[in-house]
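Chemist: Structure here, sequence nowhere to be found:
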């Protein structure tokens, strides 16, 4: 279909050139090649057609506002994308978005809050990619209901921890995830319990095989 449209565009261009060569003097009836091509569906006009125009909204600059569905909802901490799930930095326990090499993460105090949407009823599995800093104990609550106590490894690397949450604790719509840690240490003047690289929320009782923690955009 695209080749047919391009051939048609070429034919129209030749016809226009023929009209100009014939000496048509009516300026009101003249049409540029770009005007003809830009009016044809599926055919991209030349960049000249954008001269003198103005950007109404730069979609790339608001990329962090998009929900990333990458094997389930993917919340990329340490980036601007984190803010819409934590009400920014307003009393939700998150501090110091950080980039280290190709890793991004956010530090969290002894209490961290996250808000996310679920589209359909049923159990969910949450994968936390976390590194212990001031505590190896992470208590997880969903919608003010106790889920489980996770013991974090004593490691300098980020590790994955999966929790399956039963359907009766999950709401269709906004859900409130609360993380409570058992202690903290001073880091840059803040009381830091852990570092979180990402949180992934998947429908069902397990994380599908092959899912890896790869940031979408920084």
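Modeler: Alright, I've got the coordinates. Predicted model only: the values in this text are computed from it and were never measured.

Chemist: Point out where this structure drops to low pLDDT.
Modeler: For the chain, the stretches with pLDDT under 70 are 1-52, 54-70, 211-218.

Chemist: That one: strands as residue ranges?
Modeler: Using DSSP state E, the strands of the chain run over 68-69, 73-76, 94-100, 103-108, 111-118, 124-132, 137-142, 145-151, 159-165, 173-181, 185-187, 190-192, 194-203.

Chemist: and of the ones you listed, who's closest to residue 87?
Modeler: Across those, residue 87 has its closest neighbour in strand 111-118 (7.0 Å, CB to CB). Glycine gets a C-beta too; all of them are placed from N, C-alpha and C.

Chemist: who touches that closest one?
Modeler: With CB atoms under 8 Å, 6 or more residues apart in numbering as the contact definition, strand 111-118 has outside contacts at 67, 73, 75, 85-87, 92-94, 124, 170-181, 193, 196, 199, 201, 203.

Chemist: If we go by neighbour counts, what in that strand is buried?
Modeler: 112-114, 116, 118 (16 or more other CB atoms under 10 Å).

Chemist: ok, now stretch 73-82?
Modeler: Buried residues in stretch 73-82, counted by 16+ other CB under 10 Å: 73-79, 81-82.

Chemist: Could I get those in a markdown table, plus columns for distance to residue 53?
Modeler: Below are these laid out as a markdown table (distance: CB to CB, whole Å):
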| residue | distance to residue 53 |
| --- | --- |
| 73 | 36 |
| 74 | 35 |
| 75 | 36 |
| 76 | 33 |
| 77 | 37 |
| 78 | 36 |
| 79 | 31 |
| 81 | 29 |
| 82 | 34 |
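
Chemist: who does the nearest residue to residue 92 once chain neighbours are set aside bridge with?
Modeler: Distance criterion CB to CB, 6 or more residues apart in numbering; nearest residue to residue 92, sequence neighbours excluded, is residue 113 at 4.2 Å. Going by DSSP bridges, residue 113 is paired in beta bridges with residue 178.

Chemist: Also residue 107?
Modeler: residue 95, residue 195.

Chemist: Now the strands of the chain in JSON lines, please, with extra columns for distance to residue 210.
Modeler: Output for the strands of the chain, formatted as JSON lines (distance: least, CB to CB, whole Å):
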{"stretch": "strand 68-69", "distance to residue 210": "15"}
{"stretch": "strand 73-76", "distance to residue 210": "14"}
{"stretch": "strand 94-100", "distance to residue 210": "26"}
{"stretch": "strand 103-108", "distance to residue 210": "21"}
{"stretch": "strand 111-118", "distance to residue 210": "22"}
{"stretch": "strand 124-132", "distance to residue 210": "13"}
{"stretch": "strand 137-142", "distance to residue 210": "25"}
{"stretch": "strand 145-151", "distance to residue 210": "23"}
{"stretch": "strand 159-165", "distance to residue 210": "14"}
{"stretch": "strand 173-181", "distance to residue 210": "25"}
{"stretch": "strand 185-187", "distance to residue 210": "34"}
{"stretch": "strand 190-192", "distance to residue 210": "33"}
{"stretch": "strand 194-203", "distance to residue 210": "12"}
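
Chemist: before we move on, the earlier item: relative to residue 121, how far out is the residue nearest to residue 92?
Modeler: Taking CB to CB, to the nearest Å as the measure, residue 113 falls 23 Å from residue 121.
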